[in-house]
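Trainee: Only the shape, not the letters, is given here:
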């Protein structure tokens, strides 16, 4: 099943939520890197939603979901070459 439209950018590392209803993935487009989310409801795929975008972060990689599908572990590779591990709320986008 196609989750994103072809030719609009490039998707990378993805993680599927435990219930199989959400997919978080890294998205590259126009020099920006984002962590995005799509949801699958009744067989239909939602429009992508930006979960995280920060100019200081070169790569917001998803690593794993919480059992309740509400939080995702991320590895944030920053411009200064440091790496931050964090939990990201899927509902609010806060770290």
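Mentor: That came through fine. Model, not experiment: these values are computed from the prediction. Numbers count the residues shown, from 1 in each chain.
Trainee: Residue 93 touches residue 51, doesn't it?
Mentor: Yes: using CB atoms under 8 Å, residue 93 is in contact with residue 51, at 5.6 Å. (Each C-beta comes from the backbone N, C-alpha and C, glycine too.)
Trainee: And the two? Which one has more around it.
Mentor: Set residue 93 next to residue 51 and count neighbours by other CB atoms under 10 Å: residue 51 wins out with 22 against 14.
Trainee: you'd agree that one is up against residue 92?
Mentor: No: Residue 51 lies out of contact with residue 92 (CB under 8 Å); the separation is 9.7 Å.
Trainee: Return the distance of the lowest-mean-pLDDT helix or strand in the chain from the chain's centre.
Mentor: Least confident helix or strand of the chain, by mean pLDDT, DSSP states H and E, is strand 44-45 with a mean of 84. Taking CA atoms, centre = their mean, to the nearest Å, one finds the center of strand 44-45 at 17 Å from the center of the full chain.
Trainee: What of stretch 36-43?
Mentor: 12 Å.
Trainee: Could I get the full set of strands for the chain?
Mentor: 10-16, 22-29, 32-41, 44-45, 49-52, 57-65, 71-78, 83-89 (DSSP state E).
Trainee: Mind checking those for the one nearest to residue 4?
Mentor: Closest approach to residue 4 among the strands of the chain is made by strand 10-16 (5.6 Å; CB to CB).
Trainee: That closest one pairs with which strands?
Mentor: strand 22-29 (antiparallel) (DSSP bridges).
Trainee: returning to that earlier point: worst average pLDDT in the strands of the chain?
Mentor: Here those differ in mean pLDDT, and the lowest is strand 44-45 at a mean of 84.
Trainee: Can you tell me the strand partners of it and which way each runs?
Mentor: strand 32-41 (antiparallel).
Trainee: Grab the nearest non-local neighbour of residue 83.
Mentor: Leaving aside its chain neighbours, residue 83 sits nearest to residue 77 (5.5 Å; criterion: CB to CB, 6 or more residues apart in numbering).
Trainee: so what's that neighbour up against?
Mentor: 57-61, 83 (CB atoms under 8 Å, 6 or more residues apart in numbering).
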